[in-house]
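Peer 1: Take a look and give me a structure for this.
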Amino acid sequence: MAGKLPNSKLLIALLLVLLASNLNAQVVMCFQEDNQNPRNPIRLKMTLSASDPLTATVQYNKSENEILLSKISEKKLSTDVPVTTESKWLEKIGEKANGIYALTTRGAAVGALSYTRKDGKRFLFFDDPDCVASSGGK
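Peer 2: Presented below is the predicted three-dimensional model:
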């Protein structure tokens with residue numbers, strides 16, 4: 001026999017630990033405003049929940065509070081490989097809709113994020129290369 005297989009109970013326990021650790025994983029992305037104010041751009045961190053694919057949060061660089069978002073739609077913009085998708089997220093403050101975030105991705109790559117306020121003003125955000133995702137941006 002070339003080698004012994006590990007004890008099946010040990011293998012199952014290891015797989016359960018790996019599965020449990022992946023369930024708590026989150027996707028964190030950092031963005032900065034599209035050159036509206038190059039000296040002091042708006043920066044934000046968007047966190048997609050791994051345990052609930054219908055919720056996310058955003059946290060702006062000058063705020064300690066996270067804003068809860070609810071996914072309201074997702075559509076394929078192209079069927080090329082990798083697929084380009086757009087997901088829309090509703091921001092509610094209290095019981096009132098405040099705005100909508102639209103996140104565009106191509107496969108695992110993040111394209112852009114836009115935010116449209118309830119008054120119609122739109123903000124464009126792109127990947128923030130200077131951001132440290134775990135710190136909530138800069």
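Peer 1: okay, CA-based contacts and neighbour counts for the rest of this
Peer 2: OK.
Peer 1: which stretches of this protein form helices?
Peer 2: 8-23 (DSSP state H).
Peer 1: Low-confidence ranges, it, go.
Peer 2: In the prediction, the chain carries residues with pLDDT under 70 at positions 1-25, 36-38, 132-138.
Peer 1: Run through the strands of it in chain order.
Peer 2: Under the criterion DSSP state E, strands of the chain are mapped to 27-33, 43-48, 55-60, 67-78, 84-93, 96-106, 109-117, 122-127.
Peer 1: neighbours of residue 82, just the number please.
Peer 2: Here the count is done by other CA atoms under 10 Å, and residue 82 has 12 residues near it.
Peer 1: Not counting its neighbours along the chain, what's nearest it?
Peer 2: With CA to CA, 6 or more residues apart in numbering as the criterion, residue 82 has its nearest non-adjacent residue at 4.8 Å, and that residue is residue 107.
Peer 1: what's the neighbour count on the one you found?
Peer 2: The criterion is other CA under 10 Å. On that basis, residue 107 has 13 neighbouring residues.
Peer 1: Residue 104 pairs with what?
Peer 2: As for beta bridges, residue 104 partners with residue 86, residue 112 under DSSP bridges.
Peer 1: now swap in residue 31 and tell me
Peer 2: According to DSSP bridges, the residues that bridge with residue 31 are residue 44, residue 127.
Peer 1: Then residue 96?
Peer 2: According to DSSP bridges, the partner residues bridging residue 96 are residue 93.
Peer 1: now it: how far from residue 90?
Peer 2: As defined by CA to CA, to the nearest Å, residue 96 lies at a distance of 10 Å from residue 90.
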